[in-house]
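Colleague: Could you look at this predicted model? Sequence included:
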Amino acid sequence: MLKRLENENEEQFLWRVGQAKDNGLLDINWTEIADVFNKEFREDGEERTESAYRKSYQHAKRFYDAGVFSDANDNEDRLVKIKQDIQKERMRLSDERVSYNKDLREQARRESMFDVVKRAIDSHFPKQFFKEGGNEYCDSTCPEIYDVIIHLTDVHCGVDMSSPINSYNDDILGDRLLSFTKQIREIRDMYKPLRAYVILGGDMIHGLIHTNARIESKENIVDQIMTVSDYVTDFLYALTTMFNYVEVHTTPGNHARSMQNRNEVPSKENFDLLVPYICKRAMKNVTNIKFKDNDDIDWTISNFVVKGHAVYASHGDKDSSNTVVGNMTKLARKANLPLPDICYLGHRHTNGMSTVDDVKVIESGCVDGMDSFCFASRLVGSPEQTVTLVSEDNPVKALFNIKL
């Protein structure tokens with residue numbers, strides 16, 4: 001409104017601005033209006049006071065209100081245009097208010113949700129669902145030939161489904177993690193690795209972001225977070241009894257974001273980040289486990305070094321097996337980090353390994369198995385995860401296909 005239109009003279013501009021001010025479309029005083037007009041129409045030393053502009057407009061308005069110009073067709077057309085402009089401006093302001101109020105409601109909803117989750121965490125006492133016994137650590141006299149990378153991804157806690165092909169609920173989740181633990185112990189006993197690197201690969205909860213997710217999830221978000229955190233705590237504790245050192249990294253997934261529309265989610269508002277927080281709180285007295293944050297590149301990307309090999313991991317909703325090596329290489333160069341030797345992905349619910357530019361790309365499956373999306377898309381698969389054996393001379397000495 002305060003910008004002079006093309007071919008608009010001073011009197012026309014003054015009339016339009018005065019009308020906008022009278023109709024509440026401009027919340028400024030006449031001193032500010034005078035500054036605009038002096039810059040637009042006056043040279044230094046010729047500036048007019050606000051009174052000059054204000055009185056000029058008031059004189060014109062008095063004649064206008066008295067109907068002096070009512071018989072002039074051009075003024076009638078101008079009046080129609082002014083009314084249309086005012087109506088458009090009112091509609092624009094109304095839309096802005098609606099959008100602003102929507103943002104306030106969404107912010108209040110998120111704050112309320114996170115307050116609820118925080119209170120639940122603070123009052124929660126960890127439950128032990130299963131206990132996997134075994135030898136305390138590896139023999140420290142064993143040669144440090146191997147380390148292992150354990151990928152636990154796409155758990156989808158909260159799914160409650162039953163079909164002739166696949167069933168899944170919280171009890172089955174516990175059984176499958178127990179099976180995973182036992183198979184890891186077999187690998188430990190065979191190869192004697194001393195250190196384990198765990199990637200919590202995202203989608204630890206099923207969330208409520210899709211229609212099928214809302215149908216299949218019987219629990220609310222808070223219950224899903226607390227349940228999966230208890231299971232993962234038990235899983236990690238079992239690993240601390242098998243290995244001298246356990247290091248935990250997290251790549252948050254898309255199912256755990258706080259809002260359905262991914263474009264509206266503020267940074268780091270992802271419930272997957274609460275799982276390692278709760279586990280760390282529950283295991284504060286366990287000395288041989290460390291939880292690492294993603295500080296080097298981005299909060300969604302983990303990077304660490306195993307036996308001299310650079311490892312990068314993301315959930316997989318923003319990368320694919322064809323693009324992840326190029327993406328991570330560019331980011332590593334930008335951050336002055338070692339270039340990747342191994343890249344990990346989840347999200348696609350299928351185990352696999354490929355080689356891209358001499359970099360190994362490892363994809364791990366899911367814990368829940370075939371859900372309604374898989375059935376509808378005719379995608380067949382089994383619940384599965386991966387464990388990677390790493391040596392100094394080979395980033396993937398062996399890749400274990402873990403069927404759950």
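Modeller: Here it is on my side, so go on.

Colleague: Which elements pack onto the host helix or strand of residue 188?
Modeller: Under the criterion of DSSP states H and E, residue 188 resides in helix 170-191. When contacts are defined as 3 or more CB pairs under 8 Å, 6 or more residues apart in numbering; DSSP states H and E, helix 170-191 sits against strand 147-152, helix 221-240, strand 384-391, strand 394-403. For every residue, glycine as well, the C-beta is placed using N, CA and C.

Colleague: Could you look up the SS state of residue 197?
Modeller: With DSSP: H, G, I helix; E, B strand; the rest coil as the basis, residue 197 sits in strand.

Colleague: Need the three-state assignment for residue 24.
Modeller: Here residue 24 is recorded as coil under three-state DSSP.

Colleague: re the thing from before, buried set for the helix holding residue 188?
Modeller: Residues of helix 170-191 classed as buried by neighbour count (16 or more other CB atoms under 10 Å): 170, 172-174, 176-178, 180-181, 183-185, 187-188, 191.

Colleague: Repeat that for stretch 155-172.
Modeller: Neighbour-count burial for stretch 155-172, counted by 16+ other CB under 10 Å, picks out 155, 156, 157, 158, 159, 161, 166, 168, 169, 170, 172.

Colleague: next one: phi and psi at the first one?
Modeller: Residue 155 adopts backbone torsions of phi -70, psi -40, taken as degrees, to the nearest 10.

Colleague: swap in residue 363?
Modeller: Backbone torsions for residue 363, taken as degrees, to the nearest 10, come to phi -110, psi 130.

Colleague: Show me the shaky parts of the stretch 101-250 of the chain.
Modeller: 101-141, 207-219 (pLDDT under 70).

Colleague: quick one: stretch 348-355 to chain centroid distance?
Modeller: How far stretch 348-355 lies from its chain's middle: 23 Å, per CA atoms, centre = their mean, to the nearest Å.

Colleague: Restrict that stretch to CA atoms and write it as CSV.
Modeller: Provided in CSV are the C-alpha atoms of stretch 348-355 (Å, rounded to 0.1, in the frame of the first residue of the first chain):
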residue,chain,number,x,y,z
ARG,A,348,12.9,-50.4,2.8
HIS,A,349,12.4,-53.4,5.1
THR,A,350,14.7,-55.7,3.2
ASN,A,351,18.3,-56.9,3.9
GLY,A,352,20.8,-56.3,1.1
MET,A,353,24.3,-55.3,0.2
SER,A,354,25.6,-53.6,-2.9
THR,A,355,28.9,-51.8,-4.0
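
Colleague: ok, back up a step: out of the buried residues of stretch 155-172, flag the one nearest to residue 229.
Modeller: Of all these, residue 157 has the smallest distance to residue 229: 9.0 Å, by CB to CB.

Colleague: List the contacts of the closest one.
Modeller: Residue 157 sits next to 170, 173, 204, 205, 206, 219, 224, 227, 228, 231 when contact means CB atoms under 8 Å, 6 or more residues apart in numbering.

Colleague: May I ask which of these has the most neighbours?
Modeller: Among the contacts of residue 157, residue 204 has the most neighbours (other CB atoms under 10 Å), with 33 neighbours.
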